[in-house]
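> okay, sequence plus prediction incoming.
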Amino acid sequence: MWGIAAILLGGVSALLLWRLMARGRVLRDIAAAIDARRVYIPKKTGRFPIDGSVNHLVRAANNLVAASVRATREQKEFLGRIETTLGALREGVAIVDPNNRVLMANDVMRQFVGNEMPVLGHRLERLMPSAEFLAYVNAVQSGETLSHEEIEVRRGARSTWFEVVGARLPEEEANPDRLTLFVLHDITERKRLETIRTEFVANVSHELRTPVTVIKGFCETLFEDRETLSPEERARFLGKIHRNVERLDALLADLLTLARLESSREPLALERIALGDLVTEVCEYFRDRLEPDQKLTLEREPGETRVRVDPVRISQALENLLENARRHARGMRNLRLRVRCEEQRVICTVQDDGCGIPEADLERIFERFYRVDKSRSRARGGTGLGLAIVKHIVQQHGGHVRAESELGHGSRFHIILPTAGY
């Protein structure tokens, strides 16, 4: 009796143990499947079906995994759209934590920092070393509402200007730490143009003031002392007035020319011409301006070099270079204009044997109103705009200019023009 009961009890116990083990395997499979983002619902385990509670758990897990997959996919798509949007911006964007460590930055921001330094995980003030920027970042982090700020970042000899705007992002319950967004716009070129414009206005005012002051002074003298001045004195005063009026006229003419070139309001009148004939005419016209002890030589390669240029503008550029040598190359006796072709370009070189130009001045020689010897240049009647006009004319033709010089051994100015495309 007890033997049969024991057998039945053992069988029931084995059956219950087997079903418990089956449930355990299903639960383990569910846990592993959640990690692997997949769950399989077996219809039967051995001879006994899994009861409804386990089926319900498996279906819930499947739904949870599917929702997780959808959320992850949507999150990746959203982040992809954000990265695409930020990548299309011309501004640098960075999101930092309360310790100013960068959590996210777009490619433009990485370019601002430089490829030699990683961005993510580093403090913003280390990436953009500037006391003004650090003060602005701390003010925004503390909750102050600020407008944009212009900051200067120096790295060695290079200086970069940025317009920066910062704002704190809304708090999230899951992440109570306040994040801060900073947007930086590179305004270095704008600052450079503002500096050029300011210097230009100051230089124009100075250049105009000198002849106007001379004219005004001599006119007042002629008017107030008209009865006591001798004919010789009146003639001398009128000569001074006339020379300064001519100086004013030349200055205004050069200013108008430069304004037209920079604004491109007057398009080039391009023609395909023989360059050798053009430079020959320029030399013949210019020889009359030279002193008796000065000589102008033209060197042309054999054959005809045809280029598509604006002949009036190129003639003006060559005359300006020759006139620059005549006025400012002290001790000059020989002036040479050479034309040669090489590798799809034509090079016109104006060379003198005068005093030369210091190396420190060569980089700025084509700037407006820049003079190596300011007092002597004004005494010779130069406007300080001739070489700037040359540079703009050549750039309009798709070429460039450069200067070479050695003190005591003269200077060489090169106009390099393409022979194709213009």
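Ah, there it is.

> would you agree Phe237 falls within a helix?
Yes: assessed with DSSP: H, G, I helix; E, B strand; the rest coil, Phe237 lies in a helix.

> surely it meets Phe218?
Yes: between Phe237 and Phe218 there is a contact under CB atoms under 8 Å: 4.5 Å. To be clear about C-beta, it is placed using only N, CA and C from the backbone, and glycine gets the same treatment.

> look up the closest residue to Val282, ignoring the ones flanking it.
Spatially, and ignoring its direct neighbours in sequence, Val282 is nearest to Leu318 (4.9 Å; CB to CB, 6 or more residues apart in numbering).

> how near is the one you found to Val214?
Distance, Leu318 to Val214, using CB to CB, to the nearest Å: 32 Å.

> go on, Arg313?
From Arg313 to Val214 the distance is 32 Å (CB to CB).

> got it, and Ala139?
53 Å.

> the two: who's more crowded?
Between Ala139 and Val214, counted using other CB atoms under 10 Å, Val214 has the larger neighbour count: 17 against 14.

> so where's the longest strand in the protein?
Ranked by number of residues, the top strand in the chain under DSSP state E is strand 158-168.

> what helices or strands is it leaning on?
helix 131-141, strand 149-155, strand 180-186, helix 188-224 (3 or more CB pairs under 8 Å, 6 or more residues apart in numbering; DSSP states H and E).

> surely Arg330 and Gly356 touch.
No: in this structure, Arg330 is not within contact of Gly356 by CB under 8 Å, at 9.2 Å.

> which one's more surrounded, these two?
Using other CB under 10 Å, the more surrounded residue of Arg330 and Gly356 is Gly356, with 19 against 11.

> and that one, what's its pLDDT?
Per-residue confidence (pLDDT) for Gly356: 88.

> that one and Leu362, how far apart?
10 Å.

> and for the two, which residues touch both?
When contacts are counted by CB atoms under 8 Å, 6 or more residues apart in numbering, Gly356 and Leu362 have Ser405 as shared neighbours.

> so the residue lying closest to Thr257 once chain neighbours are set aside is in which element?
Computed as CB to CB, 6+ apart, the closest residue to Thr257 that is not its neighbour in sequence is Ile389, at 5.8 Å. Under the criterion of DSSP states H and E, Ile389 resides in helix 386-396.

> next SSE after that helix?
strand 400-405.

> what packs against that following strand?
Counting contacts by 3+ CB pairs under 8 Å, 6+ apart, strand 400-405 packs against helix 359-362, helix 386-396, strand 411-418.

> in CSV: these, plus distance to Ser147.
Compiled in CSV, the helices and strands packed on strand 400-405 are given as follows (distance: least, CB to CB, whole Å):
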stretch, distance to Ser147
helix 359-362, 41
helix 386-396, 37
strand 411-418, 47
